[in-house]
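Student: below are the sequence and a predicted model for it; my questions follow.
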Amino acid sequence: MTTPPIAAAHQRLLIVDFGSQVTQLIARRLRELNVYCEIHPFNAVDEAFLDGFAPQAVILSGGPASVTAPDSPRAPQRLFEMGVPVLGICYGQQAMMVQLGGAVEAGHHAEFGRAFVVPAEGHRNDGIFAGLFDGGREQVWMSHGDRVTALAPGFEVIGTSPNAPFAMIADEARRFYAVQFHPEVHHTPNGRRMLENFVRLAGFTGDWTMAAYRDEAIRLIREQVGDGKVICGLSGGVDSSVAAVLIHEAIGERLTCVFVDHGLMRLNEADQVVSMFRDHYNIPLIHADEGDLFLGALTGVSDPEVKRKTIGRLFIDVFQKHAAEVGGAEFLAQGTLYPDVIESVSFSGGPSVTIKSHHNVGGLPEKMGMKLVEPLRELFKDEVRALGRELGLPESFIGRHPFPGPGLAIRCPGEVTPEKLDILRRADAVFIDQIHRHGLYDAIWQAFVALLPVRTVGVMGDSRTYDYACALRAVTSVDGMTADYYPFTHEFLGETATRIINEVRGINRVTYDITSKPPGTIEWE
Ligand code: XMP
């Protein structure tokens, strides 16, 4: 059993997923409006599910299929008989039309990207369209090939675009609304307003706040754990830190944290984690100082995948060894987030290629036969940050850039040695200090130095040097899936290079990595 859902105590909105690339954004926008919502694939939403979930409103997402194709996805008909407001987006609009008696045709002009919707004759500027068309037209983001050609009975047209005569439609009596464009993306500037109108009209009061979440999560953790003991793997990252502090508030000393220090952390990072949890929060903490073990196992290893697998395997062994010291713990806490839980609909089928073997504590629960405590399962990353603030975690911790499980090993292409790690740590600290000094930290998703496995010739003073080259990496990103390099000024780059070469012995050349992802990845290995 995992932690029971907190959602049960809140108003709930259901998002039926037809497989759009941007379905998660619908959920993001709604959570920003303090509305609790869940995404479920269309083929998992049957009558029993609808009765159990009892949504107060439903949104049908977009999707890649064509409603004109045989066996294309549909929403359960029951959904339209529950008396709750429904909003159909793109494919969701088309499914709604064919299911309610309208028509959709394929083969019209496809419309992708920016478009403008103008009000239809006799349109009303109220309901979910309140506040729209103030400037005469609305910029929206379209992505469709098919389009609605006949409205279902009861619907009227509110707005049209050149290629979508039924761009915005409504059946006010049943509170059914549908749009051909995507209100959830930033390129539809008034989309958020539409979604807000929709949830207000559906009676949502905005009862999903982090203060309420904190109290309920604490109550549920107590209920689940009873008198039991919990262990939690701390990485120093935001998710596991917030989970640990929350669980500690719930059950106090019966939580023990295990921090596996693999010797691949950044400068002073291990000390910061230990002092924050042990000294500041008084959370019982086992500091597993296992740098020698990891570095020993990495000796002579230069293949990135072998490095990752070696670290992942040792991590689990070490964690298990120290968890056993706690004695009698039957619960394992994990900082699993909602994006890890969402079961997205895949139309492509088949497992995707492994680019890198990501390392986290996944796989541990099965191995250890423990029950899971996952108090963040219902949250997105920025909600975790908000919860962290609610729990009083310092801003410096909450806003930290992500740091990968295998640590500096994957920022040191080639064999990892203590000497290289020492150089890398010091260069990285200078780069991050520069970013802070220039007030750029929060504008950057992630920044670090990679130490290159090449030595180059330089001249310092009157002497020849033959030292390592390094690469600076700094990217902007929304979710780490795609990324772009950060456009530092030449002055910033020049100043940083000078500081690194002057302050870090062992480096005599600095480069800036300007590869985006794709085709690059954020980390070098
Ligand atoms: P890449 O290099 O794949 O990284 O573009 C995307 C994001 O994931 C982080 N990353 C990891 N995080 N375990 C983690 O917890 C890992 O093994 C791992 N590898 C990469 C990376 O730092 C970036 O934020």
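Tutor: Looks like it arrived, so ask away.
Student: mind listing the strands for the stretch 51-200 of the chain?
Tutor: Ranges of strands in the stretch 51-200 of the chain, per DSSP state E, counting those that start in this stretch, are 57-60, 86-89, 103-105, 111-119, 138-144, 147-150, 156-161, 164-171, 176-179.
Student: can you say which of those strands is packed in most?
Tutor: Across those, averaging neighbours per residue (mean count of other C-beta atoms under 10 Å) puts strand 86-89 on top, at a mean of 28. In this view, the C-beta of every residue, glycine as well, is placed from N, C-alpha and C.
Student: just to be sure, Phe448 is in a strand?
Tutor: Yes: assessed with DSSP: H, G, I helix; E, B strand; the rest coil, Phe448 lies in a strand.
Student: contact partners for it?
Tutor: The contact partners of Phe448, by C-beta atoms under 8 Å, 6 or more residues apart in numbering, come to His401, Arg411, Asp428, Phe431, Ile432, Arg473, Ala474.
Student: let's see it at 10 Å
Tutor: The neighbours of Phe448, taking C-beta atoms under 10 Å, 6 or more residues apart in numbering as the test, are 266, 401, 403-404, 408, 411, 424, 427-428, 431-432, 471-475, 522-524.
Student: repeat that for Arg147.
Tutor: By C-beta under 10 Å, 6+ apart, the neighbours of Arg147 are 93-94, 97, 104-111, 161, 163-167, 180.
Student: tell me where the stretch 401-525 of the chain has helices.
Tutor: 418-437, 490-503 (DSSP state H, counting those that start in this stretch).
Student: next, the buried residues of the shortest one.
Tutor: To tie it back to what came earlier, the one meant is helix 490-503. Using 16 or more other C-beta atoms under 10 Å as the test for burial, helix 490-503 gives Phe492, Thr496, Ala497, Arg499, Ile500, Ile501.
Student: and that helix, what does it pack against?
Tutor: helix 418-437, strand 446-460, strand 463-476, strand 507-512 (3 or more C-beta pairs under 10 Å, 6 or more residues apart in numbering; DSSP states H and E).
Student: redo that, cut-off 6 Å
Tutor: helix 418-437, strand 507-512 (3 or more C-beta pairs under 6 Å, 6 or more residues apart in numbering; DSSP states H and E).
Student: now render these as a markdown table, adding distance to Cys232 and mean neighbour count.
Tutor: As requested, the helices and strands packed on helix 490-503 are exported to a markdown table (distance: least, C-beta to C-beta, whole Å; neighbours: other C-beta atoms under 10 Å):
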| stretch | distance to Cys232 | mean neighbour count |
| --- | --- | --- |
| helix 418-437 | 26 | 18 |
| strand 507-512 | 37 | 20 |
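Student: so which of these comes closest to Leu293?
Tutor: Closest approach to Leu293 among those is made by helix 418-437 (13.3 Å; C-beta to C-beta).
Student: what sits up against the closest one?
Tutor: 266-267, 408, 412, 441, 447-449, 451, 470, 472, 496, 499-500, 503-504, 506-507 (C-beta atoms under 6 Å, 6 or more residues apart in numbering).
Student: give me the pLDDT value at Glu366.
Tutor: Per-residue confidence (pLDDT) for Glu366: 68.
Student: scratch that, Gly392 is what I was asking about
Tutor: pLDDT, read off for Gly392, is 93.
Student: and if you look at Leu30?
Tutor: 95.
Student: any idea how far Gln94 is from it?
Tutor: For Leu30, the distance to Gln94 equals 22 Å [C-beta to C-beta, to the nearest Å].
Student: neighbour count winner among these two?
Tutor: Gln94 (32 against 24; other C-beta atoms under 10 Å).
Student: burial count for Pro402?
Tutor: 13.
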